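In: Based on what follows, work out the 3D shape:
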Amino acid sequence: MRFFGALWYNVTNIIMAIDWTKIYKKYKGLWVALEDDEKTVISSGKTAKEAWDKAIKKGYKKPILTHMPDKLVAYVGFGWLR
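Out: Presented below is the predicted three-dimensional model:
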């Protein structure tokens, strides 16, 4: 554990971002099933069910599903709803 200002944190629990740039370029607009490393594509499809079923057929029991957007839109910060 380390102390930084008024914040304690555990150095071993730092989460690193995963670069999906190559996955996005190849699978733009599709659903993608990923391995546990969240980098390796198992299967893809136009629907989540199609990507899921293909991954299950390949022998994966719990693939990670995500949708690659058609278009990337920048988002900075957050807003309050009133």
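In: How are the strands of this structure distributed by residue range?
Out: Defined through DSSP state E, the strands belonging to the chain, from first to last, are 2-4, 7-9, 31-34, 41-45, 64-67.
In: buried set for the last one?
Out: Judged by neighbour count (16 or more other Cβ atoms under 10 Å), strand 64-67 contains these buried residues: 65, 66. Yep, even glycine has a C-beta here, placed from its N, CA and C like the rest.
In: Give me the mean pLDDT for it.
Out: When pLDDT is averaged along strand 64-67, the result is 95.
In: cool, the fourth one as well?
Out: Mean pLDDT, taken over the full extent of strand 41-45, equals 98.
In: Also the third one?
Out: The pLDDT scores in strand 31-34 average 97.
In: start at 17 instead
Out: Fine by me, first position is 17 from now on; the one you just mentioned is strand 47-50.
In: Neighbouring strands - and their directions - for that strand?
Out: Strand 47-50 has the following strand partners under DSSP bridges: strand 57-61 (antiparallel), strand 80-83 (antiparallel).
In: Let me have the ones you listed in CSV, extended by distance to residue 50.
Out: Output for these, formatted as CSV (distance: least, Cβ to Cβ, whole Å):
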stretch, distance to residue 50
strand 57-61, 6
strand 80-83, 4
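In: What distance do you get for the closest residue to residue 42 other than its chain neighbours to residue 85?
Out: In space, not counting the residues next to it along the chain, residue 42 is nearest to residue 57; the distance is 7.9 Å by Cβ to Cβ, 6 or more residues apart in numbering. Computed with Cβ to Cβ, to the nearest Å, the distance linking residue 57 and residue 85 is 16 Å.
In: between the two, who's got more neighbours?
Out: More neighbours sit around residue 57 than around the other of residue 57 and residue 85, counting by other Cβ atoms under 10 Å; the figures are 19 against 11.
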